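Undergrad: Build me a model:
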Amino acid sequence: MRSDVIKKGWERAPHRSLLHATGLTRKDLGKPFVGVASSFTDVIPGHIHMRSLERFIERGVCGGGGVPFFFGVPGICDGLVMGHRGMHYALPSRELIADIVETMVQAHCFDGLILLTNCDKITPGMLMAAARLDIPTIVVTAGPMLAGRRKMKRLSYVRDTWEKLPEREKGCLADEELSALELEACPGPGSCQGLYTANTMACVTEALGMSLSGCATSLAVSSKKRRIAAESGERVVELIKENVTTRKIMTREAFENAIRIDMALGGSTNTVLHIPAISGEAGIDLPLETFDEISRNTPHLTNLRPGGEHFMEDLEYAGGIPAVLKRLTGDIKDSLTVSGRRIKEIAAAAIIEDEDIIRSGDNAYHKEGGIAILKGTLAPQGAVVKQTALPEKMRVFKGKARVFNSEEEVTESLAGKGVKAGEVLIIRYEGPKGGPGMREMLGPTSAIVGMGLGESVALITDGRFSGGTRGPCIGHVSPEAAEGGPIAIVRDGDEILIDIPRRKLDLNVTEDEIRNRLKEWKRPEPKIKEGYLSRYARMVTSAASGAVFRKE
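TA: Prediction:
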């Protein structure tokens, strides 16, 4: 066992002394050591119930014959940091989490690993560490939140809080009603109720084979989730004994399965950042084109919020990820999962309980999957759009550019109602390097939808969007403005072409004009010049490569 390095031999007597000081018996020293990374925090609804899940993981590890060692990783709530300086830290926290898990595991020579996680950057950060470490590992995602309720109407976080703010500003929503919505939209523990980034990543994790079957959609408040936590603890000890490490699970076939499930579900555009970052740690290159190729050949089978009307609880009761896998059996590539069962075996045994919540390919919500990758003179290296959340009339759109150099500038313009139908709002210097940290734009995107401009105004940014975003919003424009990409030289009044079917995103000015403008462009001073974000900006790569740290 890896842990023998700190347990065996007369020269390790000092090490054993410290282990005995923690309460371990001599018998315990002969058992596998299992690290349990927990992102428990009191500040995130998706994590407040993790203390209970930790107990069940502990029960499972001990029952399986291992010794659990718990340690913490930081957790950021994207909703709480939205729209202010805090959002600069959200994506950069992913790299911190990966490094912390690696550091703890390598320093203490753990034999295996359980990753207890739930929210946006935490799950991918932990998976990056798992791929990097290549030891037996199981991920336990802590589960989605129940829908809220108000006058017998189901509520969700984004639709019934963020998108209500423009109604309040226009005087169409009373303070009393807004106050009631803020109390009822998020009724308790769990990740927000739609297919936002947290739940998308949970589904991707299960499809990748890194969680036990049923983990992604089992509700935070359910005893099913507790049972999965206990079973995961027991199973990881078996993986240690069988020497089934993460890279035996995280194969190219498994990643392609995960992308296909993402496309069928219509998940968050943030997966285009996270999946390549995880696969890169496993030594597998997944360029943006892979997402588009799979999306073009994968029907959109579910219609969850933010784009649709179903909730994560509906997907759970309809059969969860195994049922979606069953719909895609012909396209799924067989691969191993942490359960010991192969992915096609899981799909074959699944039961589809609702034919509308999880549709067949012949009756799909859309013929293509959730995400499209666009390229053109505005985004030579690529840009990302959630095409299944687009109004049909916005799939091909020409408009005049309105240029903003920060999220704050566009928010001020929206608040002053200085935006007109037919415009394309350009928000730049919000990329990984320029932001720094590639902030999410949920405030502006929700305002556009809430103001009734979702079918007449487009938004394009080198930043990114919340998994809760819907409407004509294109992000991850690469190269970003801070690296001298064409988005840096767009001017007010320039014509922008968006053509989703042809996967085009163009700045309609001449090539000579683009070259001349780029020659005149000067790199701006960094927005943040000290601390972690300053180091992050110097080290981070483009969104097109997953916004990971440079290797050299």
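
Undergrad: give the contact list for the nearest residue in space to Leu378 that is not next to it in sequence.
TA: Spatial nearest neighbour of Leu378, excluding adjacent residues (CB to CB, 6 or more residues apart in numbering): Leu507 at 4.3 Å. C-beta coordinates here come from the backbone N, C-alpha and C atoms, glycine included. Leu507 sits next to Gly376, Thr377, Leu378, Pro486, Val490, Asp494, Glu495, Ile496, Ile514 when contact means CB atoms under 8 Å, 6 or more residues apart in numbering.

Undergrad: try it again with 6 Å
TA: Thr377, Leu378, Pro486 (CB atoms under 6 Å, 6 or more residues apart in numbering).

Undergrad: all strands of the protein, in order?
TA: Ranges of strands in the chain, per DSSP state E, are 33-38, 67-72, 112-117, 137-141, 148-150, 153-155, 371-374, 382-386, 396-404, 423-427, 458-461, 473-478, 495-499, 504-507.

Undergrad: gap between the last one and the chain center?
TA: The reference is to strand 504-507. 26 Å (CA atoms, centre = their mean, to the nearest Å).

Undergrad: Just the buried positions in that strand, please.
TA: By neighbour count on 16 or more other CB atoms under 10 Å, the buried set for strand 504-507 is Lys504, Leu505, Asp506, Leu507.

Undergrad: and which of the residues you listed is nearest Ser52?
TA: Leu505 (46.1 Å; CB to CB).

Undergrad: okay, that closest one: pLDDT?
TA: At Leu505, the pLDDT value in this model is 98.

Undergrad: Then Asp134?
TA: Looking at Asp134, its pLDDT reads 98.

Undergrad: For burial, what's the neighbour tally of it?
TA: 15 (other CB atoms under 10 Å).

Undergrad: How about Met1?
TA: Quick note: Met1 (other CB under 10 Å) scores 16 neighbours.

Undergrad: Not counting residues beside it along the chain, what's closest to it?
TA: Nearest one to Met1, counting by CB to CB, 6+ apart, is Asp111 at 4.9 Å.

Undergrad: Where does the prediction get shaky in the stretch 151-300 of the chain?
TA: Scanning the stretch 151-300 of the chain with the threshold set as pLDDT under 70 gives no residue ranges.

Undergrad: which stretches of it form helices?
TA: Using DSSP state H, counting those that start in this stretch, the helices of the stretch 151-300 of the chain run over 157-160, 165-169, 175-184, 197-208, 223-242, 246-249, 252-265, 271-281, 288-296.

Undergrad: From what I see, Ile57 and Ile114 are in contact.
TA: Yes. The pair Ile57 / Ile114 is scored as a contact, 5.5 Å apart, by CB atoms under 6 Å.

Undergrad: quick revisit: could the helices of the stretch 151-300 of the chain be laid out in TSV, adding mean neighbour count?
TA: What follows is the helices of the stretch 151-300 of the chain, written out as TSV (neighbours: other CB atoms under 10 Å):
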stretch	mean neighbour count
helix 157-160	24
helix 165-169	17
helix 175-184	13
helix 197-208	30
helix 223-242	22
helix 246-249	20
helix 252-265	25
helix 271-281	25
helix 288-296	19
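
Undergrad: okay, now the residue nearest to Met1: neighbour count?
TA: Neighbours around Asp111, by other CB under 10 Å: 23.

Undergrad: need the contact list for the most centrally placed residue in the chain.
TA: Centroid-nearest residue in the chain, with CA atoms, centre = their mean: Thr197, separated by 3.8 Å. Residues in contact with Thr197 (CB under 6 Å, 6+ apart) are Asp120, Ser268, Asn270, Gly467.

Undergrad: one more time with 8 Å, if that's ok
TA: Asp78, Cys119, Asp120, Ser268, Asn270, Thr271, Ser466, Gly467.

Undergrad: Need the pLDDT of Gly452.
TA: 87.

Undergrad: how near is the residue lying closest to Asp314 once chain neighbours are set aside to Ser191?
TA: Nearest residue to Asp314 in three dimensions, chain neighbours excluded: Ile357, at 5.1 Å (CB to CB, 6+ apart). Applying CB to CB, to the nearest Å, the value for Ile357 to Ser191 is 19 Å.

Undergrad: Among those two, which residue is more densely surrounded?
TA: Ser191 (30 against 22).

Undergrad: Quick check: the residue nearest to Asp314 touching Met312?
TA: No. Counting by CB atoms under 8 Å, Ile357 does not reach Met312; the two are 10.8 Å apart.

Undergrad: Redo the helices of the stretch 151-300 of the chain as TSV? Include distance to Gln106.
TA: Shown next, in TSV, are the helices of the stretch 151-300 of the chain (distance: least, CB to CB, whole Å):
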stretch	distance to Gln106
helix 157-160	37
helix 165-169	45
helix 175-184	43
helix 197-208	22
helix 223-242	16
helix 246-249	14
helix 252-265	24
helix 271-281	14
helix 288-296	30
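
Undergrad: Which pair of the buried residues of strand 504-507 spans the longest distance?
TA: Lys504 and Leu507 (11.0 Å).

Undergrad: The helix or strand bottoming out on mean pLDDT in the chain to strand 473-478, inter-axis angle?
TA: Using mean pLDDT, DSSP states H and E, the weakest-scoring helix or strand in the chain turns out to be helix 442-450, at a mean of 85. If you take axes from the mean of the first three to the mean of the last three CA atoms, to 10 degrees, helix 442-450 sits at 140 degrees to strand 473-478.

Undergrad: Of the contacts of Leu507, which is the most crowded?
TA: Leu378 (27 neighbours).

Undergrad: pretty sure it contacts Ile487?
TA: Yes. Between Leu378 and Ile487 there is a contact at 6.2 Å, judged by CB under 8 Å.

Undergrad: distance between the ends of stretch 79-93?
TA: Taking CA to CA, to the nearest Å, stretch 79-93 runs 15 Å from one end to the other.

Undergrad: For that stretch, give the mean pLDDT please.
TA: 94.
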